[in-house]
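# Compute the structure for the input listed below.
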Amino acid sequence: MNPRVVDSICHANSYNAGIEGGYLFEFKVTFDAYLQNHPAPEFLILNVDLTSFEKGYFFNYNQYYPYINNVVIRNALSANGYYNFFYKLFPFLIITEYDNLTRGNAIKGLRGKDQGQMPNGDFLYKGYKTNGYSFITTSDTITVNKKLDITKSGLSYLQSIINTCKERKIKLVLTYAPEYNFGLRKHTTNAADILNTITQI
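Numbers count the residues shown, from 1 in each chain. A predicted model of the protein is given here:
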């Protein structure tokens, strides 16, 4: 969701808080953490897709360590086994949690080295980063058929977001993003059940 498009059409001030590999668990954590420090937004636009209801976990937990002063982030990390007491006292120890790529980029940044230019035509804008302009050329990008879970915890995270929006008078819009050639839908054996669940909600 490109905020430049949303803002230009709706005359709004929007921000893309999307999370790589995020399930409803991470969306709820991010939303609750945001509300700790900011006024409630007028709208929350939440993309729900076939993978959203699977059991939640942090896809990349160490990206949250810079924000452990936020009680929501701190508690969510601890509840998932990522203890952070010492990192709060000694922030420099966070680097021990980094994988080699993140650690290397951090060192490059400290040395003032360029970590790579954006490709021509790509841009960053209010939380949104373009994903390149190379087009998908194969007719079918997913080859494995699988069943995706609709977990009770996934449903409860979404219900919690809905409840928070009602309490804070935030207008909630659920979307289902365009999907290239319906690739995920065609190869998810219970896609109809998940789509029906989303429609009922």
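# Strands of this structure, start to end?
Ranges of strands within the chain are 43-47, 124-125, 128-129, 171-175, based on DSSP state E.
# what comes up buried for the last one?
Of the residues in strand 171-175, those buried by neighbour count under the rule 16 or more other C-beta atoms under 10 Å are residue 174. In short, each C-beta sits where N, CA and C put it, glycine included.
# Now tabulate the strands of the chain in CSV and tack on distance to residue 184 and mean pLDDT.
CSV is the format used below for the strands of the chain (distance: least, C-beta to C-beta, whole Å; pLDDT from 0 to 100):
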stretch, distance to residue 184, mean pLDDT
strand 43-47, 13, 94
strand 124-125, 26, 86
strand 128-129, 21, 85
strand 171-175, 15, 94
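# Using JSON lines, please lay out these together with distance to residue 104.
Shown next, in JSON lines, are these (distance: least, C-beta to C-beta, whole Å):
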{"stretch": "strand 43-47", "distance to residue 104": "31"}
{"stretch": "strand 124-125", "distance to residue 104": "21"}
{"stretch": "strand 128-129", "distance to residue 104": "20"}
{"stretch": "strand 171-175", "distance to residue 104": "36"}
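# how much space is there between the residue lying closest to residue 168 once chain neighbours are set aside and residue 120?
Excluding the flanking residues, the one nearest residue 168 by C-beta to C-beta, 6 or more residues apart in numbering is residue 40, at 4.2 Å. For residue 40, the distance to residue 120 (C-beta to C-beta, to the nearest Å) stands at 39 Å.
# One more: residue 47?
Residue 47 sits 28 Å away from residue 120, going by C-beta to C-beta.
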